[in-house]
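> I need the structure of the sequence given here:
(chains A and B)
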Amino acid sequence: MLQVKNGQLDKLGLLFERYNKSLYGFFYRLTSDSDASEDLVQNVFMRILKYKHTYQGDGKFTTWMFHMARNLFADHYKKSKRMGYKEDVEVTDKYFRNEVNAESERIHSEEIDLLQRAMDHLSLEKREILVLSKFQEMRYREIADLMDLTESAVKVRIFRALKELRTIYEKLETQSSIY
Amino acid sequence: MEDKYMSLITDYIDGTLTPDRDREFQQYVDEGHILMEEVKAIMELQAKIENAEAPVPSEKLSANFYGMLAEAQRSEVTSTKEESFLDLLNRLFFGSPVGKLAFGMSLLVIGVFVGNTFGDSKYESLTSQVTDMQEMMMISMLEEESVTERLKGIQMSNELPMTNEKVTTALFTTLNNDRSTNVRMAALSALSPYTSNPTVREGLIKSIAKQESPLMQMALAELMVELQEKKSIDEFKQILEKEETPEEVKTTLKQSIDKIM
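Here you go, the predicted model:
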């Protein structure tokens, strides 16, 4: 990143290769919207370029990057809330296309789908902390830095989020076994 | 559930309990403060999360990113080219709101100072110096690589007197030669309010035959109809004779000529 800051813009390509999937995962788990997630990833890298002069090189690069990602997501969230709910055709399509796949694959993808649906029911704050710690496998220390919390507060919040996720997951599981 | 139990359970699930904390954990389990059933359910859920496939972005993401990077590199190259004094002034004063404010304030201070000290004639000379500077700035902006900068240059010309030959010449050069239709169109709109000036009017008529884009040809035709400029007919006829002129444009131009005649 320091090389990017010093004007070696081609090095941004390396950062992109290293982090685009992880950022995409972060946004996708929060939005369940693949197009919006791709736009948001693109925006993160645009911001990195725009604000490269503000990178001090002291903290971890990923913390700085996720700081931008969180801000961008907050803006996106505010905007999409104003515009109302939008169904992601791609996700729905994928769900129906699975009918032709093998049974085991169907169960597996339904399980993931169920997990994602359960995630969607969590409050934004809980969803975010779970995505960072469980899906992004970020350390408690890093999350604490990012969210300006103590490490033990992070652990407590993750636990609460997991507990709620489990309740929702079980409820959805029962519902889907009925239908 | 108390916070201390949650923190202990988290460490238990992560397998990071120290021997002391492990004893503490067991004690709370024995006392019934922590339910192992609940802990196990959460561990199962966590395993599901860990096994979940990571969502994968489409090819589009990569393509868009590298497109953006290439664009950024291009603009970086042009901006790091040796900067002229004018560019520097421009960046200093118009690059940020603070710069703009500083520019405004300094003009005001200079104005008041000059007004008090030298009286009218000196003030006029200073005004003309400021106009000269704006003029140079505008001309240099019209030569920029970036379309946005060139459009800004045209916008700047609105604040300058159109009787100024340098300004009109620069705008005509842009109108006749700029690569971007948008910029040429902006130059046309900047010039069109001044058709009462014979030089501007003449220049616009001459520009007709130089335009290759149908959009520009039609915009000029519209203007000439408005002005009822008979001299433009010969220029339009030149376009009509060209084979590459699209039929739609020819029809519109013929209609325009009829309206002028």
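
> what sits against the residue minimising distance to the centre of chain A?
In chain A, the residue lying closest to the centroid (C-alpha atoms, centre = their mean) is A:Phe26, at 1.8 Å. Counting by C-beta atoms under 8 Å, 6 or more residues apart in numbering or on different chains, A:Phe26 touches A:Phe66, A:Ala69, A:Val131, A:Leu132, A:Phe135, A:Gln136. All C-beta atoms are positioned from the backbone trio N, CA, C, and that covers glycine.

> what's the answer for A:Arg166, then?
Counting by C-beta under 8 Å, 6+ apart, A:Arg166 touches B:Ala41, B:Ile42, B:Leu45.

> ok, now A:Leu72?
Contacts of A:Leu72 by C-beta under 8 Å, 6+ apart are A:Leu40, A:Asn43, A:Val44, A:Arg47.

> Format the CA atom coordinates belonging to stretch A:48-66 as PDB.
Presented in PDB, the C-alpha positions along stretch A:48-66 are these (Å, rounded to 0.1, in the frame of the first residue of the first chain):
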ATOM      1  CA  ILE A  48      -8.200   3.800  -1.700                       C
ATOM      2  CA  LEU A  49      -6.800   5.700  -4.700                       C
ATOM      3  CA  LYS A  50      -8.500   8.900  -3.800                       C
ATOM      4  CA  TYR A  51      -7.400   8.900  -0.200                       C
ATOM      5  CA  LYS A  52      -4.000   7.100  -0.600                       C
ATOM      6  CA  HIS A  53      -2.300  10.200   0.800                       C
ATOM      7  CA  THR A  54      -4.100   9.700   4.100                       C
ATOM      8  CA  TYR A  55      -2.700   6.200   4.600                       C
ATOM      9  CA  GLN A  56       0.000   6.400   7.400                       C
ATOM     10  CA  GLY A  57       1.300   2.900   7.200                       C
ATOM     11  CA  ASP A  58       1.200   2.500  10.900                       C
ATOM     12  CA  GLY A  59      -2.000   0.400  11.500                       C
ATOM     13  CA  LYS A  60      -2.800  -2.700   9.500                       C
ATOM     14  CA  PHE A  61      -3.800  -2.100   5.900                       C
ATOM     15  CA  THR A  62      -6.800  -4.300   6.100                       C
ATOM     16  CA  THR A  63      -8.100  -2.300   9.100                       C
ATOM     17  CA  TRP A  64      -7.800   0.800   7.100                       C
ATOM     18  CA  MET A  65      -9.500  -0.800   4.100                       C
ATOM     19  CA  PHE A  66     -12.400  -2.300   6.100                       C
END
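
> Okay, buried residues for that stretch please.
A:Ile48, A:Lys52, A:Tyr55, A:Phe61, A:Thr62, A:Trp64, A:Met65, A:Phe66 (16 or more other C-beta atoms under 10 Å in any protein chain shown).

> Check stretch B:134-145 too.
B:Glu135, B:Met136, B:Met137, B:Met138, B:Ile139, B:Ser140, B:Met141, B:Leu142, B:Glu144.

> Restricting to C-alpha, output it in CSV.
Listed next in CSV are the C-alpha coordinates belonging to stretch B:134-145 (Å, rounded to 0.1, in the frame of the first residue of the first chain):
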residue,chain,number,x,y,z
GLN,B,134,-8.4,34.5,-16.1
GLU,B,135,-8.1,34.6,-19.9
MET,B,136,-4.8,32.7,-19.7
MET,B,137,-6.2,30.3,-17.3
MET,B,138,-9.1,29.6,-19.5
ILE,B,139,-6.9,29.1,-22.6
SER,B,140,-4.7,26.7,-20.7
MET,B,141,-7.7,24.7,-19.4
LEU,B,142,-9.0,24.3,-23.0
GLU,B,143,-5.7,22.6,-23.8
GLU,B,144,-6.0,20.1,-21.0
GLU,B,145,-6.2,16.3,-21.7
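
> Tell me how far that stretch lies from the chain's centre.
On the basis of C-alpha atoms, centre = their mean, to the nearest Å, stretch B:134-145 sits 16 Å off its chain's mean C-alpha point.

> hang on, the earlier thing: just the buried residues of stretch B:134-145 now: which is nearest chain A?
Nearest to chain A, judged by C-beta to the nearest C-beta, of the buried residues of stretch B:134-145 is B:Glu144 at 19.7 Å.

> I'd assumed B:Ile154 was in contact with the closest one.
No. In this structure, B:Glu144 is not within contact of B:Ile154 by C-beta atoms under 8 Å, at 11.2 Å.

> which residues of chain A score low on pLDDT?
Low-confidence segments of chain A (pLDDT under 70): A:5-7, A:57-58, A:81-112, A:177-179.

> Can you pull up the residues of it that come close to chain B?
Counting by C-beta under 8 Å from any C-beta of the partner chain, chain A comes close to chain B at A:7, A:9-10, A:12-13, A:16, A:20-21, A:24-25, A:28-29, A:34, A:37-38, A:41-42, A:45-46, A:49, A:111-112, A:115, A:130, A:134-135, A:152, A:155-156, A:158-160, A:162-163, A:165-166, A:169.

> Provide the count of other residues in contact range of residue 153.
I'll assume chain A. 16 (other C-beta atoms under 10 Å in any protein chain shown).

> wait, chain B
By the criterion of other C-beta under 10 Å, B:Gly153 has 24 neighbours.

> For it, which non-adjacent residue is spatially closest?
B:Met141 (3.1 Å; C-beta to C-beta, 6 or more residues apart in numbering or on different chains).

> Outline the domain layout of the chain.
As the question left the chain open, I've gone with chain A. A:1-86, A:102-179 (automatic domain parsing).

> ah, I was thinking of chain B
B:3-51, B:84-163.

> mean confidence for the shortest one?
Per-region confidence: domain B:3-51 scores 89 on mean pLDDT.

> Look at that domain and report the distance between its end residues.
Across domain B:3-51, the terminal residues are separated by 28 Å (C-alpha to C-alpha, to the nearest Å).

> anything in that domain near chain A?
Yes. Judged by C-beta under 8 Å from any C-beta, domain B:3-51 comes into contact with chain A at B:3, B:6-7, B:9-11, B:38, B:41-42, B:45-46, B:48-50.

> Pipe those residues into JSON lines and attach secondary structure and neighbour count per row.
Converted to JSON lines, the residues of domain B:3-51 next to chain A look like this (DSSP: H, G, I helix; E, B strand; the rest coil; neighbours: other C-beta atoms under 10 Å in any protein chain shown):
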{"residue": "B:Asp3", "secondary structure": "helix", "neighbour count": "13"}
{"residue": "B:Met6", "secondary structure": "helix", "neighbour count": "20"}
{"residue": "B:Ser7", "secondary structure": "helix", "neighbour count": "19"}
{"residue": "B:Ile9", "secondary structure": "helix", "neighbour count": "27"}
{"residue": "B:Thr10", "secondary structure": "helix", "neighbour count": "22"}
{"residue": "B:Asp11", "secondary structure": "helix", "neighbour count": "17"}
{"residue": "B:Glu38", "secondary structure": "helix", "neighbour count": "13"}
{"residue": "B:Ala41", "secondary structure": "helix", "neighbour count": "17"}
{"residue": "B:Ile42", "secondary structure": "helix", "neighbour count": "19"}
{"residue": "B:Leu45", "secondary structure": "helix", "neighbour count": "19"}
{"residue": "B:Gln46", "secondary structure": "helix", "neighbour count": "18"}
{"residue": "B:Lys48", "secondary structure": "helix", "neighbour count": "18"}
{"residue": "B:Ile49", "secondary structure": "helix", "neighbour count": "19"}
{"residue": "B:Glu50", "secondary structure": "helix", "neighbour count": "10"}
